[in-house]
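Asks: need a 3D model of the sequence below.
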Amino acid sequence: MSRWLTVAVLAMTQVAWTQYFTSTGMPVRWYDAEVVVKMDANGTSDVPGDLEFDAVRTSMQTWNDVECPHPMLKDGGTVSGEVPGEMGPNLLIWEDETQWSHIDRPKVIALTTLYYNDSTGKVARFDMEFADHKFQFTVSDDPAQTHIDVQNTVTHEMGHVLGLDHSLVAQATMYFKTDDSEPFRMRTLDADDIEGLCSVYGSIPNLPDGQTQPDGYSWPDSGPWITSGSSDGGSCSASTGARADPAAMAMMVLAMMAALLIARKRARGVGMACLIAAAMVATASAPAKAGDDLDIRIRSKALAGRDRPAIIIGSASRVRNLKVRLMTGKRLVKAYPAVNLAPGRPREFPIDQAPGEREYRAEITRSGQDAPEIITFKAVVARPMALVINRDTVDLAEGRIAFVASAPVRRVKLEILGEGGATLKDREYPVESRAGETTSIRFEPPSESVTLVRLTAFDPWDFYNGVEIRPFFVEIPHEEVLFEFGKAAIRPSEESKLRKTLKDVRSALARLGNEFRARLYVAGYTDTVGTPGYNRDLSRRRAKSIAGWFKSHGLKCGVCYQGFGEDALEVDTPDETPEPRNRRTVHVLANQHPPVSKTFPRRDWKCL
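Replies: You can find the predicted model right below:
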């Protein structure tokens, strides 16, 4: 009997797209069917006519064309006189030097700010600001005439608007860097961007007690994993003042800084290498000190190469001659140039720090203040975590997964999903592994069919990375070996059939690749002639003979066997009915024991 079953092959995929979460662990995203985008009517003088607005609309449509439930970006036309802030429309604006308040970030070309509720993660509105006074924006399709491409930049920033952080996939629109050799790469979405968007809006979150699902968006019944990739572990705060608007105290600000670093000059102009750093800034205030109006926040965790720790200072009123001195112990780390604060426009004071954890003290002074305000805090810069996992470190049948991480590991989360996305196992393991050490976890393999195994490793500061492992089952076509009546010995005349099957098994293993651990499972069956107990024993002995033959003839993978006798008939017959189609074997390559089913009614495999 020859059969072939089409199956999904195991895949180990390092998580790529990432998203943002609130301090309470809720995903940051919209709960509206539409996000209306308004553009400042002044646009940019770098571009003739209104072509920059056309480029923005094209970028919005690129995200709207994704075929899964998600908020639509809607063109709200142009407006005049609006400024960034927590009130007003969703605003996209090119700013001159009198409007641009982020003078401490001279290489930032665009900054997107999301305002959201820290309990639910519901986004209220956004601002997207462009440093028009520092960079030349273009809309040309000619790379030789391109400086900062509007469509390229806005498509990336709109991904932030929709809740996506940076991706680890180099071809993704949300990848954290680009260069001038690919000035238009971010105009179009990669499969990773699409997967991220559909995943962010593909499931209903569990809201805190007492909260109800926000209105205005129709959610599908289920969706895939929404926490993937490397992410920061959040931020802590130190506050010395209240916000001007008490109703806004529950909002959080998510700022995505697209920082372009000048790489070199060419004959056609300035060449650029793009390094985009994403930072999360919490602005919900703690109780204020009497008489103080500064709101001081600390971004205490950052990934090396992607962001920096920072002190973020805002005020409800105008502040002049604000100075910050950063100390570690008695050593001065940096004295930042004096700046003026406009109401509601916080400034960042970034900290250049090597990977690791450090303690700081900041002395903050301003005009009209006699003594400095002192805050102390710790900051962590972590290296992005890479995971190494291969065929020798994954054994789903035995319930063992081992991996090596490039960073210390303090806990591991294991999720095992079954048919229909049902959770079969969800467990966390505390571990103490140094960078480069092997981390191993053991678990009891579920008896149900497994469709996905998801492993997430966390470092001491809650940065994380993960892998997904998809089980596979490949049935091997073969010609049945004929045994003598009541016997299990393989006759020499039948070995040519087994040699052909062995060749097919090796071909299947080659297609799967060396990175996948697989076993060959041989199941034996009989017809209904004889007693059920006798038939189970006979089928077991015949399956064992075939498994032993494969092993003795050089099959390198593990081989397991089991006899089911007349308990899983191919053709239903009365008792004591000879039926050749029921006298058979099934050969399956898999990376876990075959789940209990009509074909495999028991899970009692013996392995050689």
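
Asks: how deep is Gly533 tucked in, by neighbour count?
Replies: Using other C-beta atoms under 10 Å, Gly533 is surrounded by 9 other residues. To be clear about C-beta, it is placed using only N, CA and C from the backbone, and glycine gets the same treatment.

Asks: tell me the secondary structure at it.
Replies: helix (DSSP: H, G, I helix; E, B strand; the rest coil).

Asks: what's it in contact with, if anything?
Replies: Gly565 (C-beta atoms under 8 Å, 6 or more residues apart in numbering).

Asks: how about Arg603?
Replies: 447, 593-596.

Asks: okay, who's weakest in these by pLDDT?
Replies: Ranked by pLDDT, the contacts of Arg603 bottom out at Pro595 (77).

Asks: now that residue. Its backbone dihedrals?
Replies: phi -70, psi 150 (degrees, to the nearest 10).

Asks: how about it: what's its closest non-neighbour residue?
Replies: Ser449 (3.8 Å; C-beta to C-beta, 6 or more residues apart in numbering).

Asks: and for Glu357?
Replies: Nearest non-adjacent residue to Glu357, counting by C-beta to C-beta, 6+ apart: Val380, 4.8 Å away.

Asks: so that neighbour lies in a strand, does it not?
Replies: Yes. Assessed by three-state DSSP, Val380 belongs to a strand.

Asks: identify the residues contacting it.
Replies: 300-302, 309, 356-357, 461.

Asks: list buried residues within the residues you listed.
Replies: 300-302, 309, 461 (16 or more other C-beta atoms under 10 Å).

Asks: among those residues, name the ones in strands.
Replies: Those of the buried ones among the contacts of Val380 mapping onto strands are 301-302, per DSSP state E.

Asks: which one of the buried ones among the contacts of Val380 is nearest Ala335?
Replies: Set against Ala335, the nearest of these by C-beta to C-beta is Pro309 (16.9 Å).

Asks: measure the closest one to Asp118 for me?
Replies: Using C-beta to C-beta, to the nearest Å, one gets 21 Å for the distance from Pro309 to Asp118.

Asks: now Ile298
Replies: 16 Å.

Asks: between the two, who's got more neighbours?
Replies: More crowded of Ile298 and Asp118, by other C-beta under 10 Å: Ile298, with 24 against 18.

Asks: now that one, nearest residue through space, not along the chain?
Replies: For Ile298, the spatially nearest residue (C-beta to C-beta, 6+ apart) is Phe377, at 4.8 Å.

Asks: so Ile311, which of the three states?
Replies: Ile311 ends up strand, using three-state DSSP.

Asks: count the neighbours of Glu495 for me.
Replies: Neighbour number of Glu495 under other C-beta under 10 Å is 14.

Asks: so what's it closest to, chain neighbours aside?
Replies: Leaving aside its sequence neighbours, Glu495 sits nearest to Trp549 (C-beta to C-beta, 6+ apart; 7.5 Å).

Asks: just Ala590 next, same as before
Replies: Phe473 (4.7 Å).

Asks: likewise for Glu419?
Replies: Ser449 (5.5 Å).

Asks: surely that neighbour and Ala422 touch.
Replies: No. Using C-beta atoms under 8 Å, Ser449 makes no contact with Ala422, being 9.7 Å away.

Asks: neighbour count winner among those two?
Replies: Ser449 (16 against 11).

Asks: ok, that one - contacts?
Replies: Residues near Ser449 by C-beta under 8 Å, 6+ apart: 418-419, 595, 597.

Asks: just the buried residues out of those residues, in PyMOL syntax.
Replies: What follows is the PyMOL syntax for the buried subset of the contacts of Ser449, where burial is set by 16+ other C-beta under 10 Å:
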select buried, resi 418+595
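
Asks: quick one: which of the contacts of Ser449 sit in strands?
Replies: Gly418.

Asks: can you give me the distance of Tyr464 to Ile490?
Replies: 51 Å.

Asks: His160 in helix, strand or coil?
Replies: When the rule is three-state DSSP, His160 gets the label helix.

Asks: surely it touches Ala110?
Replies: No. Between His160 and Ala110 there is no contact under C-beta under 8 Å: 9.3 Å.

Asks: for the stretch 1-150 of the chain, which residues score under the pLDDT cut-off?
Replies: Residues of the stretch 1-150 of the chain meeting the criterion pLDDT under 70: 1-16, 23-25, 86-87, 104-105.
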